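[1] pasted the sequence and its predicted model underneath.
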Amino acid sequence: MFDLSAFDLSAFDPSTLAVPIVGAPMAGGPSTPALTAAISAAGGFGILAGAYLSPDALRAEIAAVRAATDAPFGVNLFVPEELVFDAAAFDEYRARLLPLAGMFGAELPTAPAYTDDAFAAKVDVLLDERVAAVSFTFGAPAPKVYAAFADRDIATVTTVTTLDEARIAVASGSTALCAQGIEAGGHRSTFEILADDSEIGVGDLIVAVAGLGVPVIGAGGVGGVDDVRAILAAGAVAAQVGTLFLPTPEAGTRAAHRAALADPRFTATATTRAYSGRLARALVNDFVRDFTDVAPPVYPQVNTLTGPLRRAAADDPQVINLWAGTGWRGARPASAAEVVAHLNPNN
């Protein structure tokens, strides 16, 4: 058992942060223990991405964060949702991808199985490790999950995109909300895979959910300190930031992704299901243009399908997923601590 005696295990309250900046969990590579630790050590609150990690790997990454800082931090999990598998839509999409996969020598799986990403086992890890906070994306788990964390004095943050989702989260026991506006990069946290995106901006969403009796973190479109100030002015107690941390040396961002953030060839972002089957905001590249209109809403199987292609084309920014929010032009190479300081509205 890891020795927890040196760490602050009090439940996370986003309204008490020295710097009102929360580091967004960015699963699939960019999120690292070093990045999480650096954000927390700088006075913000880092959230480690637990998605796509095995329970043992998650436990090891938590230990790595604790080895780097004694500041509190959180961990994010994806809430699973299993749909009836649309085999015909999946097969049609796979066929459309085969020519591109062939160019890179990527073998695409034929019928990847549904996985819940070991959600229950990772909940057990987080209960055991007693991190300061657990955040949820893609839904609100059962009330008993929130209650189990409350019993361990672990705060819970549920990412929402609508007022209805926020009401569900608070009724289920979430102790804070992350109001994710349409401007945010990466996956949209809609509670249902098949749901249309409400496309509510972060400011309007904060105002809509601010009266539910829990602290609200605002997420989406941060390109500089003025955006942080606008989020706070709307009623949030902190701003969650992801894209601006992508170029930091602590992040595990691919080189092609880092370069694309500063590449003038990329002029816009858009939401797409092309990479994972779930809506996510990315820089518009050839893959987004070619496959957004034909990708089926099948998650996580589409994510598994495109994985080999994305790995084989890791150096090609026209193929890989370039997750980015609308404030991506503010991303600059700098340390995570420098980014936190630059975004500090109290400076």
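    Arrived safely, thanks for sending.

[2] now do the top helix by length along the chain, average pLDDT.
    Counting residues, the longest helix found in the chain (DSSP state H) is helix 87-104. Regarding helix 87-104, the rounded mean pLDDT is 97.

[3] start at 737, not 1
    With 737 as the first residue, the last one maps to helix 823-840.

[4] remind me what that helix packs against, helices and strands.
    The helices and strands touching helix 823-840, judged by 3 or more Cβ pairs under 8 Å, 6 or more residues apart in numbering; DSSP states H and E, are helix 1022-1027, helix 1037-1048. C-beta: built from backbone N, CA, C; applies to glycine.

[5] what does the first one rub up against?
    I take that to be helix 1022-1027. 829, 832-833, 836, 1006, 1008, 1010-1011, 1018, 1054-1057 (Cβ atoms under 8 Å, 6 or more residues apart in numbering).

[6] go on, stretch 796-810?
    Stretch 796-810 is contacted from outside by 738, 742-744, 746, 748, 768-770, 772-777, 781-784, 789, 811, 861, 865, 867-871, 891, 893, using Cβ under 8 Å, 6+ apart.

[7] among these, which ones are in helices?
    769-770, 772-777, 861, 865.

[8] of those, closest to G957?
    Of all the ones in helices among the contacts of stretch 796-810, G957 sits closest to I775, with 18.6 Å by Cβ to Cβ.

[9] tell me the contacts of that closest one?
    I775 touches 757, 759, 781-782, 809, 981, 1072, 1076, counting by Cβ under 8 Å, 6+ apart.

[10] how about these in TSV, adding neighbour count, pLDDT and secondary structure?
    Shown next, in TSV, are these (neighbours: other Cβ atoms under 10 Å; pLDDT from 0 to 100; DSSP: H, G, I helix; E, B strand; the rest coil):
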residue	neighbour count	pLDDT	secondary structure
I757	29	98	strand
G759	31	98	strand
F781	30	97	strand
G782	33	98	strand
F809	26	97	coil
F981	27	98	helix
A1072	26	98	helix
V1076	27	98	helix
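
[11] name the SS class of F1002, please.
    coil (DSSP: H, G, I helix; E, B strand; the rest coil).

[12] what about it, how many residues nearby?
    Other residues within reach of F1002, judged by other Cβ atoms under 10 Å, total 20.

[13] same question for L968.
    When neighbours are counted by other Cβ under 10 Å, L968 comes out with 16.

[14] before we move on, back to that, and the longest helix of the chain, how far from the chain's centre?
    27 Å (Cα atoms, centre = their mean, to the nearest Å).

[15] report the buried residues of that helix.
    825-826, 829-830, 833, 836-837, 840 (16 or more other Cβ atoms under 10 Å).

[16] which intervals of the stretch 887-1036 of the chain have sub-threshold pLDDT?
    Applying pLDDT under 70 to the stretch 887-1036 of the chain flags no residue at all.

[17] and T1007, what does it touch?
    By Cβ under 8 Å, 6+ apart, the neighbours of T1007 are 918, 924, 933, 1015-1018.

[18] just to revisit the earlier point, hey, which of the helices and strands packed on helix 823-840 is tucked in deepest?
    Across these, averaging neighbours per residue (mean count of other Cβ atoms under 10 Å) puts helix 1037-1048 on top, at a mean of 21.

[19] thanks again, I'm all set now.
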